[in-house]
Each structure stands twice: as C-alpha cells, then as structure tokens.
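**Q** Quick one: sequence and predicted model below, then my questions.
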Amino acid sequence: MELKIRKNEDIYIVDVNGEMDLYNSYKLKELVMKMLEKKVSKFIINMENVEYIDSSGIGALIYISSTIKKLNLKLLITNVRGSVKKVIELTKLMGYFPITQSINEAIKTMKE
C-alpha cells in the first residue's frame, strides 16, 4: 500500500493505492494520527486505487472515523468501488462511514 497526501486549500486528501490489509493498514492510521497532531481538521480518504481490503483495513477506517468524529473534525471517504465496496456493504458500514462518489463531490461537501 502506498499513501500520498495532496492539499486543496485547507482540505487534505490522502490517496490510498494498493491493498489495505493486515500488513499495512496501520500505515494509514499512523499517517492520520500525525496529521491530527499537526492540527489538520479536514480529511478526504481517496480509495480509488484500493482493490482489496480485509478486516484490519476496515478496522483502521473505523478507528480513523471514530477518532475524527470525537474531535468534531471532518472526514469523507471517496471512490469506494468493486470488492472494497462489497466488503463495506457486507459489514453494514455504508451508513457508518461518510462516503461520497468522487473527489470533486467530497471537496464540494467539505466546503459547505
């Protein structure tokens, strides 16, 4: 899994590439925690290039989402597709995560 950060005004977009699994999902948690220490308040996690997720990847997303909610900050997860979407649907978490269809939609929603 590879993580890239880009910025749109005060919104930080984390592009996740590859598989989110037992061996690497902690990297996303660590990255978001470091960003929280730097007082980042608006996050978009772009899952466009994630083709596989397992329970530890789902666990990392739940941890990130609940931490950001507790701090009253903003998080959106975008571009959830294919098998990743099926896993999130099967675990009944579609309503738990704030999900948008595209990066543009996520940025627009963040700015409202």
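**A** Noted; the coordinates are in hand. Residues are numbered from 1 along each chain as shown.

**Q** drop to CA atoms for contacts and neighbour counts, all remaining ones
**A** OK.

**Q** Just grab the bridge partners of the residue nearest to the spatial centre of the chain for me.
**A** Nearest to the geometric centre of the chain sits Ile45, at 3.2 Å (CA atoms, centre = their mean). Taking DSSP bridges as the rule, Ile45 bridges to Val14, Ile77.

**Q** what's the answer for the one 5 residues further on, then?
**A** With DSSP bridges as the criterion, the beta-bridge partners of Val50 are Gly18.

**Q** hmm, who's touching stretch 69-78?
**A** 41-48, 65, 68, 97-103, 106, 110 (CA atoms under 8 Å, 6 or more residues apart in numbering).

**Q** wait, doesn't Lys4 sit right on Asp15?
**A** Yes - applying CA atoms under 8 Å, one finds Lys4 in contact with Asp15, separated by 5.1 Å.

**Q** Can you pick out the residue with more neighbours from the two?
**A** Asp15 (18 against 10; other CA atoms under 10 Å).

**Q** Counting residues, name the longest helix you see in the chain.
**A** Secondary structure assigned by DSSP state H gives helix 55-70 as the longest helix of the chain.

**Q** Please identify the buried residues of that one?
**A** Using 16 or more other CA atoms under 10 Å as the test for burial, helix 55-70 gives 56-62, 64-65, 68.

**Q** I'd like to know how far Val84 sits from Met33.
**A** Distance, Val84 to Met33, by CA to CA, to the nearest Å: 23 Å.

**Q** any idea which helix or strand carries Tyr12?
**A** strand 11-20 (DSSP states H and E).

**Q** Now do the buried residues in whichever helix or strand comes after that strand.
**A** Next along the chain after strand 11-20, taking DSSP H and E as the criterion, comes helix 25-37. Of all the residues in helix 25-37, those buried under the rule 16+ other CA under 10 Å are 25-26, 28-29, 32-33, 36.

**Q** quick one, what contacts Ile53?
**A** Applying CA under 8 Å, 6+ apart, the residues near Ile53 are 19-21, 83-84, 87.

**Q** again, only this time at 7 Å
**A** Ile53 sits next to 19-21, 84 when contact means CA atoms under 7 Å, 6 or more residues apart in numbering.

**Q** Quick check: it vs Lys86, distance?
**A** Ile53 is 10 Å from Lys86, where distance means CA to CA.
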